[in-house]
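Q: take this sequence and fold it.
(one chain, ligands or ions: 4)
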Amino acid sequence: MKTGIALRHVRTAVSFALALSMLGATPRPVRDPDHLIVLSTTDVKGKTSPCGCHTPKGGLARRAAFVDSVRAEHDQVVLVDAGGFFPETDSQRDAGPFVMQTMNAIGTAASNVGDKELRFGYAFLREAVRESGLPVVSANLYDRRTGRLAFAPYVIVPAGRARVGVFGLMSGSADLGPARDSLRVEDAETAAVRTVAELKKKGATVIVLLSQLGKVESEDLVNAVEGIDAAITGRNVPMLQRGRVIKNTVVCYGGEQGWYIGRTSLALDAAGRSLSGENDMIMLGPEVEAKPAVFDVVKAFEDALNDRLRRLEKERAAAAALTAEDSDGDAVDHYVGAEVCGRCHKAEYDQWRTTPHARAWQTLVDEKKDATPECVRCHVVGYQKPGGFRTADDASRLGNVQCENCHGVGTQHEAYAATKAQVPEPVCRGCHDATTSPVFQFALYRPHILHQAPANMPALPPNPAKAKMKGAGTH
Ligand code: HEC
Ligand code: HEC
Ligand code: HEC
Ligand code: HEC
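A: Residues are numbered from 1 along each chain as shown. Ligands and ions are numbered 1, 2, ... in the order given. Modelled structure (predicted):
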């Protein structure tokens, strides 16, 4: 596979750089030997690139660049992931193994397993672990057949003067999905006590917990179990800009979808043991330049996935067309498309053509996201609804944000034509949500789409997406 080769390039480049630094003529002293920096993500949910809309955040290429920038200043850096990196939709399944390959290529020391990782079954995950080479840890997940742990319980990573033991835990209340017959979860506290003791015996000077226990269970655990220096907590954990210290554990909270990276800084004694620490979250916004080599493999992966989804979409539509009862173009209520409305409402139509809504489809085509279901729904009319947008073949008629997105289904025209047109704020909010349009204000945005422009047009808030994806890469 092409991405596999490209990824090996990244990995080779990384290890080459490491080898070079080790061969360096004069061994240079460890930079910042008194601190260990733990960089962390959690619940990335298969997000490979920045979220495309208003303020594009996250993405593997920015993560890689950020990690590089920290490694440029500190020698004792460990990169980890607390689990939950598999996507939440079936169509994005391939993003799971791809995220794992990339995490491995950018030098992730360990990743935990959460219930998301099991949604395609145990065998699928095991194969992805093998293929990616990513060190995956879980100290309380057992293979029912063999009675043994399903993955390595922990890893010990040398980092300058520290030896960092990293272990993972999964919640007993997690839904193991299709893996429930092959795996079982042991009580987290029992597993933690045992694993911490084992790590100490093996000489770990710092112990990091990767937790998929959620907020409350994670906090209870670090309260009850001695010896954990840092805990990265995930699984629906609300993000905290600054972590907390609970007893002697620095706890890092949430920050999902790869939008943030946690930075836990532990002060070390001469023996490499943790004395104290603190944590904060850094947003991977447009100001974080993407690492070109990673950007390229991510782009290649996403474009290939979009192409594959487009083919699947066509096959499904063709199969549906064969079933007579699916000819819902004649369904009682269906979408008709802006061209039809424009026949009678020419002024509104002409004005609408000048708005960004009339370019929303092209935006997805340009981003090569035109067959990616999680993007399409807000950039077209009636996605997967009767008479609505199904495949790219419908784009000329039903692509873009059109009349019917705001006014309602065309076949209900009689109902809305009888009263004065009203498009209330919740209609806009269906697409302009906290993620896609965080600075949306009805009063400011509305005048920009009105069919008769008001005399004094308020300015829109600055839109980072306009500088957008350009900032995400090299191009
Ligand atoms: C065959 C012509 C025709 C077509 C096609 C048509 N309309 Fe209309 N529309 C009308 C007429 C006539 C009225 C009533 C206008 C009036 O009383 O001012 C109306 C009224 C409306 C109103 C309420 C206008 C107001 O005065 O506030 C809206 C909104 C509207 N149409 C939207 C649409 C949309 C959206 C479509 C496409 C799905 C569409 N129309 C298609 C003829 C049409
Ligand atoms: C079906 C989803 C959808 C609905 C409903 C919707 N929008 Fe939008 N809106 C979009 C998309 C997608 C874009 C970006 C289009 C592009 O440039 O690709 C956008 C862009 C805009 C912009 C341009 C923003 C900029 O920075 O240039 C304005 C203004 C706007 N919408 C206002 C509104 C208002 C007001 C409403 C409600 C009356 C509304 N929208 C309803 C999806 C929607
Ligand atoms: C929940 C609805 C929704 C979804 C899902 C959605 N978008 Fe959008 N998108 C919008 C809205 C609304 C805007 C306009 C935001 C604004 O300007 O405030 C927008 C704007 C954009 C823009 C900026 C257009 C410009 O030039 O101003 C891009 C690019 C974009 N979306 C791509 C994507 C991609 C890629 C995905 C899938 C990962 C996606 N969108 C998913 C609603 C959505
Ligand atoms: C982004 C949302 C949006 C889109 C897209 C949109 N409209 Fe409107 N439309 C409005 C709003 C807002 C009003 C004013 C009513 C109000 O204040 O709520 C309006 C009013 C109207 C009216 C009443 C007369 C007028 O001009 O104010 C007609 C007719 C109409 N729209 C037709 C259309 C047609 C036809 C299209 C597609 C070519 C379209 N609209 C696309 C939001 C939209």
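Q: all contacts plus neighbour counts: C-alpha atoms, from now on.
A: Will do.
Q: can you tell me the residue of the stretch 151-300 of the chain closest to ligand 4?
A: With Cα to the nearest ligand atom, the shortest gap between the stretch 151-300 of the chain and ligand 4 falls at Pro286, namely 27.0 Å.
Q: any idea how far that residue lies from Glu374?
A: 21 Å (Cα to Cα, to the nearest Å).
Q: next, count neighbours for the residue of the stretch 201-350 of the chain found nearest ligand 1.
A: In the stretch 201-350 of the chain, the residue that lies nearest ligand 1 is Cys341 (3.4 Å; Cα to the nearest ligand atom). By other Cα atoms under 10 Å, the residues close to Cys341 number 17.
Q: so what pLDDT did it get?
A: pLDDT recorded at Cys341 is 95.
Q: spit out the contact partners of the residue sitting furthest away from the middle of the chain.
A: What lies farthest from the middle of the chain is Ala418; by Cα atoms, centre = their mean that is 45.0 Å. If you count contacts by Cα atoms under 8 Å, 6 or more residues apart in numbering, Ala418 has none.
Q: how close does it get to Ala392?
A: Taking Cα to Cα, one finds Ala418 at 34 Å from Ala392.
Q: pretty sure Val113 contacts Val137?
A: Yes: between Val113 and Val137 there is a contact under Cα atoms under 8 Å: 6.8 Å.
Q: overlap of the contact sets of those two?
A: Gly168.
Q: show me what from the chain comes close to ligand 1.
A: By Cα under 6 Å from any ligand atom, the residues of the chain that approach ligand 1 are 336, 338, 340-341, 343-344, 403-404, 407, 410, 416-417, 420-421.
Q: which residues of this protein fall in strands?
A: 35-41, 77-81, 110-112, 136-137, 141-143, 154-159, 162-170, 183-185, 206-212, 230-233, 244-246, 249-253, 260-268, 274-283 (DSSP state E).
Q: now Arg161, nearest residue through space, not along the chain?
A: Gly272 (5.0 Å; Cα to Cα, 6 or more residues apart in numbering).
Q: tell me who's in contact with the residue of the stretch 201-350 of the chain closest to ligand 1.
A: Counted by Cα under 8 Å, 6+ apart, Cys341 has contacts Tyr349, Cys403.
Q: ok, it to ligand 2 distance?
A: Using Cα to the nearest ligand atom, to the nearest Å, Cys341 is found at 17 Å from ligand 2.
Q: next: Gly160.
A: 48 Å.
Q: name the residues of the top helix by length along the chain that come out as buried.
A: Across the chain, the helix with the greatest residue count (assigned by DSSP state H) is helix 292-322. By neighbour count with 16 or more other Cα atoms under 10 Å, helix 292-322 contains the buried residues 292-299, 301-303, 305-307, 309-310, 313.
Q: please apply the same query to stretch 204-216.
A: Result for stretch 204-216 [16+ other Cα under 10 Å]: buried residues Ala204, Thr205, Val206, Ile207, Val208, Leu209, Leu210, Ser211, Gln212, Leu213, Gly214, Lys215.
Q: quick one: mean pLDDT for stretch 314-331?
A: On average, stretch 314-331 scores 64.
Q: do stretch 196-204 as well
A: 98.
Q: buried stuff in it?
A: Val196, Leu199, Ala204.
Q: could you list the residues in contact with that stretch?
A: Ile156, Ala162, Arg163, Val164, Gly165, Ile207, Gly227, Ile228.
Q: chain center to it, what's the gap?
A: Computed by Cα atoms, centre = their mean, to the nearest Å, the chain-centroid distance of stretch 196-204 equals 33 Å.
Q: I figured the residue of the stretch 151-300 of the chain closest to ligand 4 hits Pro56, correct?
A: Yes: between Pro286 and Pro56 there is a contact under Cα under 8 Å: 6.4 Å.
Q: correct me if wrong: His334 contacts Tyr383.
A: No: the criterion here is Cα under 8 Å, and His334 misses it with Tyr383 at 11.5 Å.
Q: Asp229: what's it in contact with?
A: Taking Cα under 8 Å, 6+ apart as the test, what Asp229 contacts is Val206, Ile207, Val208, Asn248, Thr249, Val250, Ser274.
Q: redo that, cut-off 10 Å
A: Counting by Cα atoms under 10 Å, 6 or more residues apart in numbering, Asp229 makes contact with 164-165, 205-209, 222, 245-251, 266, 273-277.
Q: same check, this time on Pro33
A: Taking Cα under 10 Å, 6+ apart, one finds His74, Asp75, Gln76, Ala159, Gly160, Arg161, Ala162, Ala267, Leu268, Asp269, Ala270, Gly272 in contact with Pro33.
Q: which among those residues count as buried?
A: His74, Asp75, Gln76, Ala159, Gly160, Arg161, Ala162, Ala267, Leu268, Asp269, Gly272.
Q: nearest to ligand 2 among the residues you listed?
A: Nearest member of those to ligand 2, counting by Cα to the nearest ligand atom, is His74, at 39.4 Å.
Q: mind listing the helices for the stretch 51-200 of the chain?
A: 60-71, 95-105, 122-132, 188-201 (DSSP state H, counting those that start in this stretch).
Q: any residues touching the third one, and which ones?
A: Put plainly, it is helix 122-132. 4, 86, 94, 96-105, 113, 117-119, 133-136, 143, 150-151, 176-183.
Q: that helix to helix 95-105, inter-axis angle?
A: 30 degrees (axes from the mean of the first three to the mean of the last three Cα atoms, to 10 degrees).
Q: what are the buried residues along helix 122-132?
A: So, applying 16+ other Cα under 10 Å, buried residues of helix 122-132: Tyr122, Leu125, Arg126, Ala128, Val129, Ser132.
Q: then it to CSV, C-alphas only?
A: Provided in CSV are the C-alpha atoms of helix 122-132 (Å, rounded to 0.1, in the frame of the first residue of the first chain):
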residue,chain,number,x,y,z
TYR,A,122,-10.8,-8.1,18.7
ALA,A,123,-9.3,-9.8,15.6
PHE,A,124,-9.4,-6.6,13.6
LEU,A,125,-7.6,-4.6,16.4
ARG,A,126,-5.1,-7.3,16.9
GLU,A,127,-4.2,-7.3,13.2
ALA,A,128,-3.9,-3.5,13.2
VAL,A,129,-1.6,-3.6,16.3
ARG,A,130,0.6,-6.2,14.5
GLU,A,131,0.6,-4.3,11.2
SER,A,132,1.3,-0.9,12.7
